Every structure is written in C-alpha cells, then in structure tokens.
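**Q** using only what follows, build the 3D model:
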Amino acid sequence: MDLQINCPAKVNLFLYVQPPVEGFHPICSFMHTIGWYDSLHIRRAERFSFHVSGMAVPAGSDNLVVRAVACFARHFLDGRLPRLRVSLHKRIPHAAGLGGGSADAAMMARFLAAWHGCSLHREFMQDFVRSCGCDTAFFFSSGSALVSGRGEDVRPLPFSLSLPVLVIKPTQGLATSGVYHKWDEDNPLPAARSNRPCSLPPALGRDVSAAELGAVMHNDLQQAAFSLCPDLARIATAVPEPFSRRLMLSGSGSALYVVLEPDERAAVPSIIAHLPGGLVEKSILTKFIAIGTDQFTSFLQRGKQTT
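**A** From the prediction side, this is the model:
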C-alpha cells in the first residue's frame, strides 16, 4: 500500500461571533474548502510511526494527526495503533485561520474509517472533536457547510463554489486565543455582540458571482485581528478596487483572501504588485473546491491491489 491523501485548507466566507459560553464563543460561519493542500503519505509498516516535512510543526502527540489516530484506535482498534507509516507534508501555514491542522486530522480519520470499513459514530465524533478541536468537524463534510455552536455543529450545503480565490498569507501569524480575547475587550457589552440565527442568505448558491459573494462576506474578528497586527490593515488597504470589496480575513487570521470572477485571474499579478513589500510571506491563486469521497475510494482500491 502506498497512498496519498490531500488535506484542503478552508476559508470563512462569513463568521459571526457570539458571547462566550463556558469559555467558548458560539459562532455562525459559512465555511468552504479551497485548493491549497497538505498531503498525507501512508504506507504499511511493522508499527505506527509519524513524520513531518515541509514546515516546522510538532511531530509528536501534540500533532493533530497523531491525536486523530489515537482517537480512532480507542474506538475501533481496542487501543492498538494501526501498523502504518504516516508522513505529513505541510504546505498550509499555521496561525493563519486556514484550518490546515484540522484538515490533516479529519482526513486521517476519514482514511482510517474507509480502510477499516467503520462508520464514525456519534461517540467517536464527540471524542474526536474534544481531542482534535472543533474546527475538525467541518472537514467531514463535502467542503461547503454552515457551521455553528463551537464549530462542531455542521450543516452541509447542497452546492459547492468554483470561483477563483487569491490567498494572501502575511509574514506574521496570529494566535486564535489572542484574537478572541481582543474581540472580547472590544465588545464588553452583550448588547453590542452579534446574536443572529445561523442561516445562508437566499441569494447564495452554486452560480453566485464574486460580486454577489462579496456583498455577504463578513468576519466579526477582522477588526480585532487588524488591531493586533496593523500590517494586516496595511495589506488590506493596498488591495485595489474592485477587489478590496471582496477581501476578507479567514477565521481568526492572519491569512486574507480575495474572491475573483472567473475572468479576473489575469489581474492577480497586478494585485500582488500592489501589496507592501516585506509584509507578505506568500500569495496563492487557487479556487473553491469540494471534498470528494472519490479520493478515498480510488486510493483505497489502488492500495488494496498493491498491498
């Protein structure tokens, strides 16, 4: 067996934050996956091992992939770790609000479930979210969903977008806890905080234009992130019209993204040329994508033929 599983990043097309409950902020968010991937390379082995390349991230029990494997083993393998060599190649930056670590964990669990023929029951998912974080629940969807509660309540949407997306990763990252703490400081009164029902605007659908999408894009955390990292505001201000009207912070940041019309790809070099030098680590042109189960099916079929 020699398999590769792609683990996509996500962006938040809107993100509304509510007052904290028991230390957690309930949210309402429209999340969508994009074509920027980490990859999991999986082989049979005499015992379980885990390796990381591409970026300096933990390779031990603090890594969400290792936690995902341990959680799966507790529920389905009598606590025995699978005899696999798992190599994670990181491309999605951390501290960026793109959900890279959450995607890695969820894709690992989805692979293990497919390989062992397991249905991921409610008890597993509850334990998994506690072990690996609330954002992981989204990555068990097809890549387009309304997410509420602490992030564990996921309502898959019946469509996926395909518009181009320019992701701008600043050199500085942001800690999620710090951004939420700043938001709390800036919104001390419950009356000043958002308390909207979590629903999708009727205008949104598969064939929505970038301009229509831009009209509903919103992030309650954006101002807090800009306050903590003024370079983000400098980058956002440098993006020219009309693209600045479709620019948004993803999650708690620090990554920004711009939604483009299909015929605006040629404008990307000009947008990047406007960005202030030294403040941007990387800019990636990609698009919205769906998470297909075919990657598990086709890889598993191929893997079993070569086992």
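
**Q** how close does the closest residue in space to Ala45 that isn't next to it in sequence sit to Asp78?
**A** The shortest distance from Ala45 to any non-neighbouring residue, by Cβ to Cβ, 6 or more residues apart in numbering, is to Arg85 (4.1 Å). Backbone N, C-alpha and C define where each C-beta goes, glycine included. If you measure Arg85 against Asp78 using Cβ to Cβ, to the nearest Å, the figure is 21 Å.

**Q** tell me which stretches of this structure form helices.
**A** With DSSP state H as the criterion, the chain has helices at 64-76, 100-116, 122-132, 176-186, 210-214, 222-228, 230-238, 268-274, 294-306.

**Q** which of the ones you listed is buried the deepest?
**A** Of these, the one with the most neighbours on average (mean count of other Cβ atoms under 10 Å) is helix 100-116, at a mean of 23.

**Q** so how far is that helix from its chain's centroid?
**A** Between the centre of helix 100-116 and the centre of its chain there are 14 Å (Cα atoms, centre = their mean, to the nearest Å).

**Q** show me what that helix is packed against.
**A** When contacts are defined as 3 or more Cβ pairs under 8 Å, 6 or more residues apart in numbering; DSSP states H and E, helix 100-116 sits against strand 2-17, strand 27-44, helix 64-76, helix 122-132, helix 294-306.

**Q** any chance of the ones you listed in a markdown table, plus distance to Ser144 and mean pLDDT?
**A** Below are those laid out as a markdown table (distance: least, Cβ to Cβ, whole Å; pLDDT from 0 to 100):
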| stretch | distance to Ser144 | mean pLDDT |
| --- | --- | --- |
| strand 2-17 | 10 | 95 |
| strand 27-44 | 5 | 96 |
| helix 64-76 | 22 | 97 |
| helix 122-132 | 19 | 94 |
| helix 294-306 | 16 | 49 |
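
**Q** so what's the residue lying closest to Pro240 once chain neighbours are set aside up against?
**A** In this structure, Pro240 finds its nearest non-sequential neighbour in His274, 5.5 Å apart by Cβ to Cβ, 6+ apart. Going by Cβ atoms under 8 Å, 6 or more residues apart in numbering, His274 touches Ala238, Val239, Pro240.

**Q** could you find the closest non-adjacent residue to the second one?
**A** Residue nearest to Val239 in three dimensions, not counting chain neighbours: Leu247, with 5.3 Å by Cβ to Cβ, 6+ apart.

**Q** wait, the one you found sits on Leu256?
**A** Yes: using Cβ atoms under 8 Å, Leu247 is in contact with Leu256, at 6.0 Å.
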